[in-house]
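**Student:** Provided below are the primary sequence and the corresponding predicted coordinates.
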Amino acid sequence: MADWRDPEIRALRDAFIATAPAPGAPKPTWPERRAGIDAMAAFTPLPDGVEVTPITLGGVPAERIVPRGADRTRTIFYLHGGGYCIGGCASHRNWVASMADKAGATAFTVDYRLAPEHPFPAAVDDALAAWRALLAEGRDAARTVVSGDSAGGGLTLATAVAARDAGLPLPAGLHLTSPWANLTNTGPAYKAKAETDFIITQEGIDEFATTYLAGADPRSTLASPVFANLAGLPPILIHVGSEEVLLSDSALLAEAAGLAQVDVTLRIWPDMVHIWPFFGQLSASPKAVAESAAWIRTRVP
């Protein structure tokens with residue numbers, strides 16, 4: 001078992017180990033996993049004064065999150081993670097609200113359809129429909145940053161690629177946290193960080209990929225946007241932990257973006273694990289949120 005210099009990460013690992021199913025126990029069902037990620041999010045409260053309103057965008061369930069005193073023309077369009085099989089507005093509400101509060105922005109989160117009930121490309125179709133609707137209601141793409149974590153990070157890129165190819169306006173920037181952008185699930189970090197990444201295992205991420213793809217090619221550019229032509233995309237900020245297997249996705253993605261002459265910043269956080277800002281009990285979480293918000297303000301003054 002890997003040792004940890006950060007005692008908060010060590011405690012988080014111990015908590016994950018304590019709540020993991022016993023060896024040989026049946027795997028939790030998808031509804032049970034969805035309830036579990038929602039329950040984890042409940043540990044972090046919403047910032048004071050935040051208004052959350054259920055809405056629909058292009059027929060897709062969504063939420064509008066408005067912090068007190070926000071610039072209502074500065075927008076965050078957020079696509080949640082969860083391996084395309086779990087997660088939603090509820091699981092990511094607190095994280096997105098904190099980012100919107102720090103950025104002084106109005107945020108929109110999207111409950112895109114999940115696999116196995118709705119496999120690839122349902123998530124991309126829903127995200128693109130929601131983006132079209134957001135623009136149709138008068139939101140300015142040039143004052144919007146699209147953001148996402150894990151699968152939502154990959155979906156952020158896929159949505160931008162699909163929007164570009166459809167001739168739609170593109171956002172001012174793309175902000176990705178621990179993006180899952182290569183569903184072949186290969187790369188040096190998968191071996192190098194196999195012991196330290198207690199959130200993602202090879203077996204686990206392969207299960208999510210198989211469930212979402214449902215037989216589709218894992219190298220499809222809208223499933224694995226590291227293989228897409230990224231030319232013409234707006235500036236990208238990537239946050240990733242040094243101790244996660246998806247570090248390989250972030251490195252490959254940064255290279256692909258750079259080769260396509262896209263302005264890209266890769267920020268590797270020492271000692272951090274997959275989607276660490278999600279875990280509000282970590283002192284690094286608000287620091288990452290603050291950095292994200294500051295970058296959003298530079299893209300949308």
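**Tutor:** Looks like it came in fine. Numbers count the residues shown, from 1 in each chain.
**Student:** which residues of the stretch 1-150 of the chain fall in strands?
**Tutor:** Under the criterion DSSP state E, counting those that start in this stretch, the stretch 1-150 of the chain contains strands at 51-57, 60-66, 71-79, 105-110, 144-149.
**Student:** Now do stretch 190-198, average pLDDT.
**Tutor:** Mean per-residue pLDDT for stretch 190-198: 94.
**Student:** that older thread, give me whichever of the strands of the stretch 1-150 of the chain is most buried.
**Tutor:** Of all the strands of the stretch 1-150 of the chain, strand 144-149 has the most neighbours on average by mean count of other CB atoms under 10 Å, namely a mean of 29. Any C-beta I mention is one placed from the backbone N, CA and C, and that applies to glycine too.
**Student:** from the chain's centre, how far out does that strand sit?
**Tutor:** Taking the mean of its C-alpha atoms, strand 144-149 sits 8 Å from the chain's own mean (CA atoms, centre = their mean, to the nearest Å).
**Student:** what are the pairing partners of it, and which direction each?
**Tutor:** If you go by DSSP bridges, strand 144-149 pairs up with strand 71-79 (parallel), strand 173-177 (parallel).
**Student:** quick one on the thing from earlier: I'd like the strands of the stretch 1-150 of the chain written out as JSON lines, with mean pLDDT and distance to S98 added.
**Tutor:** Converted to JSON lines, the strands of the stretch 1-150 of the chain look like this (pLDDT from 0 to 100; distance: least, CB to CB, whole Å):
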{"stretch": "strand 51-57", "mean pLDDT": "98", "distance to S98": "13"}
{"stretch": "strand 60-66", "mean pLDDT": "98", "distance to S98": "10"}
{"stretch": "strand 71-79", "mean pLDDT": "97", "distance to S98": "11"}
{"stretch": "strand 105-110", "mean pLDDT": "98", "distance to S98": "10"}
{"stretch": "strand 144-149", "mean pLDDT": "98", "distance to S98": "12"}
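**Student:** Could you export those strands to a markdown table, including columns for distance to T159?
**Tutor:** Putting the strands of the stretch 1-150 of the chain into a markdown table (distance: least, CB to CB, whole Å) gives the following:
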| stretch | distance to T159 |
| --- | --- |
| strand 51-57 | 12 |
| strand 60-66 | 12 |
| strand 71-79 | 7 |
| strand 105-110 | 10 |
| strand 144-149 | 7 |
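**Student:** Nearest to R10, out of the ones you listed?
**Tutor:** Among the strands of the stretch 1-150 of the chain, strand 144-149 comes nearest to R10, with 22.3 Å by CB to CB.
**Student:** What's the first helix or strand after that closest one?
**Tutor:** Per DSSP states H and E, the first helix or strand lying C-terminal to strand 144-149 is helix 151-165.
**Student:** average model confidence for that next one?
**Tutor:** Helix 151-165 comes out at a mean pLDDT of 98.
**Student:** Touching the helix or strand of the chain with the lowest mean pLDDT from outside, list them.
**Tutor:** Ranked by mean pLDDT, DSSP states H and E, the weakest helix or strand in the chain is helix 7-19, scoring a mean of 91. Helix 7-19 has contacts (CB atoms under 8 Å, 6 or more residues apart in numbering) with 4, 198-199, 243, 271-273, 276, 279, 281-284.
**Student:** and which of the residues you listed is nearest to G49?
**Tutor:** The nearest one, if we look at the contacts of helix 7-19 relative to G49 and count by CB to CB, is Q281, at 22.3 Å.
**Student:** give the contact list for that closest one.
**Tutor:** Contacts of Q281 by CB under 8 Å, 6+ apart are 8, 12, 43-44.
**Student:** Who are the contact partners of H274?
**Tutor:** So H274 contacts 150, 178, 197, 199-200, 241, 244-246 (CB under 8 Å, 6+ apart).
**Student:** related to what we said a few turns ago, with distance to A100 as added columns, please give the strands paired with strand 144-149 in CSV.
**Tutor:** Output for the strands paired with strand 144-149, formatted as CSV (distance: least, CB to CB, whole Å):
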stretch, distance to A100
strand 71-79, 6
strand 173-177, 12
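**Student:** Just give the nearest non-adjacent residue to P286, would you?
**Tutor:** For P286, ignoring the flanking residues on the chain, the nearest one in space by CB to CB, 6 or more residues apart in numbering is S98 at 7.3 Å.
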